[in-house]
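In: Sequence and predicted model, in that order:
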Amino acid sequence: MDAMPSHPVASDSKPAENAASKAEVAPLDVLMVGTGEYTTGFVGGGASGSDKKVGVVGLTMFDLRRRGKVGKLSMVGTSGQKYPAIREHLQKNITNVYNGLDTSFESYPPNDTRDANAYKTAIDALAPGSAITIFTPDTTHYPIALYAIERKIHVLITKPAVKTLAHHLALLEAAKKHGVFVYVEHHKRYDPAYADARFKAQKLGDFNYFYSYMSQPKSQLETFKAWAGVDSDISYYLNSHHIDICESMVQTLGYTPVKVSASASKGVAVSLGCDPITEDTISLLVHWVKKSDPSKQATGVYTASWTAPQKAGVHSNQYFHYMASGGEIRIDQAKRGYDVADDSLGNGLMWYNPFYMKYAPDEEGNFAGQGGYGYVSFEKFVDGCRMVNKEGVSALEKLDGRGLPTLRNTVATTAILEAGRRAIDEGREVGIKEVDGAWELV
């Protein structure tokens, strides 16, 4: 197991309690860690070419501040030299589009500085009970999250939460000790079709089979080239969505994963200039067992690729098939009955997904995407943090009980993802053992 970083903290180990823990809870101060595509929509000197041209995290937080749920906002990356261009990008694409929506934020490090540890300075500037969002390479999630947790800061982590089961369990223990809310940003749980399917699956009997596929076009490898295949892989990046959906559907039915095998294809990403170890497509085969009746078993197959065709008309193909003893569910969320033909587009015909982030303003010119499942995911985190700040640590158990993608509710997903990675690296089937809430890979 990797050495666990330990950071000096104050001796006071009482749970996080904001000064606003009184009758009226104050707006939540939020630090956004990571300044790239998902936070700002700014990539490689300009707007992203994906479906996140103005980002998700920043826009959502700016609007939540307008609505009074969020207070002070700050942002931290490794290079301060990007901030003038990022601010110009946000002014042009958000402030000027949405009725003068305030996009101001405090930034770390300074504009003339590069500092890989700037996140520590930025987190140290927060008061206990504040929050951070982490959208950085997967290998950095654990040290950044732990540093914040130890300072009584609530944490949202993009999926995958971490790359190893050991790190996941360590963060879970630290969060319990310091009384903070840690949430994994599995936004597909709030996709209306997926949410409805998870509900309907509860009435279809015993779990039997699950197959999923999720992809992104090979152009995304230009955005991810610095870390693709080195710091993480496509299974961690995209299979994490459907593994979480499946696990959240079947764990309430009493099923647990017990072993994982995996296969990967290679060649395309390497030809595009990625590291020679980069896989194109990864499939995980997961064996599930019902804990109360081990004779009842199920199979899950999860496939993800980031070398899909450039001109498929969608940014992400995403679908699954769930079969149970009393019925089945099929969902294809790539083409949602909404296509646009545009002569100026190289692809000609595009299928869009406004259910994720709706960027069209309302009749008064304000941002109107509060119902998009990308936005909903962040609002649930903000509401959870404010609930803990108001009610204290007793709220944490309530939030776990609601079935939100908290650290406690996503342990199996991390176990499966790490087992899949080890299955490829070690050329063997990897077991998952869970006894009375204690997890390990064997």
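Out: Ah, there it is.

In: quick one: low-confidence ranges for the stretch 251-400 of the chain?
Out: 346-347 (pLDDT under 70).

In: Now for residue 440: which residues touch it?
Out: 165, 432, 433 (CB atoms under 8 Å, 6 or more residues apart in numbering). (Each C-beta comes from the backbone N, C-alpha and C, glycine too.)

In: Pull the number of nearby residues for the last one.
Out: The number of residues packed near residue 433 is 13, by other CB atoms under 10 Å.

In: and what of the second one?
Out: For residue 432, the tally of surrounding residues (other CB under 10 Å) stands at 22.

In: For my notes, confirm residue 75 occurs in a helix.
Out: No. Judged by DSSP: H, G, I helix; E, B strand; the rest coil, residue 75 forms no part of a helix; its state is strand.

In: which secondary structure element contains residue 344?
Out: Following DSSP states H and E, one finds residue 344 outside all helices and strands.

In: separation between it and residue 86?
Out: The gap separating residue 344 from residue 86 is 26 Å, by CB to CB, to the nearest Å.

In: Same check on residue 124?
Out: Applying CB to CB to residue 124 and residue 86 gives a distance of 22 Å.

In: Please say which of these two ends up with more neighbours.
Out: Taking other CB under 10 Å, residue 124 and residue 86 do not tie; residue 86 has more neighbours (22 against 12).

In: thought the more buried one was touching residue 35?
Out: Yes. With contact defined as CB atoms under 8 Å, residue 86 reaches residue 35; the gap is 6.2 Å.

In: Mutual contacts of the two, please.
Out: What both residue 86 and residue 35 touch, as defined by CB under 8 Å, 6+ apart, is the set residue 42.

In: which residues in the stretch 1-150 of the chain form helices?
Out: With DSSP state H, counting those that start in this stretch as the criterion, the stretch 1-150 of the chain has helices at 37-40, 57-66, 83-90, 118-124, 138-149.

In: Of all the ones you listed, which one is nearest residue 379?
Out: helix 57-66 (6.5 Å; CB to CB).

In: What residues of that closest one count as buried?
Out: 57, 58, 59, 60, 61, 62, 63, 64, 65 (16 or more other CB atoms under 10 Å).

In: Mind giving me the packing neighbours of it?
Out: Applying 3 or more CB pairs under 8 Å, 6 or more residues apart in numbering; DSSP states H and E, we find helix 57-66 packed against strand 28-33, helix 37-40, strand 70-76, helix 373-391.

In: Against which helices or strands is the last one packed?
Out: Translated: helix 373-391. Against helix 373-391 (3+ CB pairs under 8 Å, 6+ apart) you get strand 28-33, helix 57-66, strand 131-134, strand 154-158, strand 182-185, helix 394-401.

In: Return that helix as CSV; C-alpha atoms alone will do.
Out: Extracted as CSV, the C-alpha positions of helix 373-391 are listed here (Å, rounded to 0.1, in the frame of the first residue of the first chain):
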residue,chain,number,x,y,z
TYR,A,373,-28.1,16.7,-13.9
GLY,A,374,-24.6,18.1,-14.1
TYR,A,375,-25.8,21.2,-12.0
VAL,A,376,-28.0,19.1,-9.7
SER,A,377,-25.0,17.0,-8.6
PHE,A,378,-23.2,20.0,-7.4
GLU,A,379,-26.2,21.6,-5.7
LYS,A,380,-26.7,18.4,-3.7
PHE,A,381,-23.2,18.6,-2.5
VAL,A,382,-23.5,22.3,-1.5
ASP,A,383,-26.8,21.5,0.3
GLY,A,384,-25.2,18.6,2.1
CYS,A,385,-22.3,20.7,3.3
ARG,A,386,-24.6,23.4,4.6
MET,A,387,-26.7,20.8,6.4
VAL,A,388,-23.6,19.5,8.2
ASN,A,389,-22.6,23.0,9.1
LYS,A,390,-26.1,23.6,10.6
GLU,A,391,-26.8,20.3,12.2
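
In: Assign residue 199 to helix, strand or coil.
Out: Assignment for residue 199 (three-state DSSP): helix.

In: Sorry, wrong one. I was asking about residue 171.
Out: helix.

In: if I pick it, what's in contact with it?
Out: By CB under 8 Å, 6+ apart, residue 171 lies in contact with 142, 145, 146, 149, 161, 162, 182, 407.

In: Out of these, grab the one that's most surrounded.
Out: residue 161 (31 neighbours).

In: residues contacting that residue?
Out: So residue 161 contacts 141, 145, 168, 171, 184, 407, 410, 413, 414 (CB under 8 Å, 6+ apart).

In: Pull the most distant pair out of the residues you listed.
Out: It's 145 and 413 that sit farthest apart of those, by CB to CB, at 15.9 Å.

In: so residue 249 sits in a helix?
Out: Yes. Judged by three-state DSSP, residue 249 forms part of a helix.

In: just checking, residue 262 touches residue 279?
Out: No. Residue 262 lies out of contact with residue 279 (CB under 8 Å); the separation is 9.9 Å.

In: picking up where we left off before, pick the one among the buried residues of helix 57-66 closest to residue 203.
Out: residue 60 (33.2 Å).

In: returning to that earlier point: can I get the buried residues of helix 57-66 in JSON lines with distance to residue 128 and pLDDT?
Out: Converted to JSON lines, those look like this (distance: CB to CB, whole Å; pLDDT from 0 to 100):
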{"residue": "57", "distance to residue 128": "22", "pLDDT": "97"}
{"residue": "58", "distance to residue 128": "24", "pLDDT": "97"}
{"residue": "59", "distance to residue 128": "27", "pLDDT": "97"}
{"residue": "60", "distance to residue 128": "23", "pLDDT": "98"}
{"residue": "61", "distance to residue 128": "20", "pLDDT": "98"}
{"residue": "62", "distance to residue 128": "24", "pLDDT": "98"}
{"residue": "63", "distance to residue 128": "25", "pLDDT": "97"}
{"residue": "64", "distance to residue 128": "20", "pLDDT": "98"}
{"residue": "65", "distance to residue 128": "20", "pLDDT": "98"}
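
In: re the thing from before, mutual contacts of residue 262 and residue 279, please.
Out: residue 424.

In: Spatially nearest residue to residue 250 (excluding sequence neighbours)?
Out: residue 207 (4.5 Å; CB to CB, 6 or more residues apart in numbering).

In: Now the phi/psi pair for that neighbour, please.
Out: phi -60, psi 140 (degrees, to the nearest 10).

In: Of the helices and strands packed on helix 373-391, which is nearest residue 43?
Out: That would be helix 57-66 among the helices and strands packed on helix 373-391, by CB to CB, at 13.2 Å.
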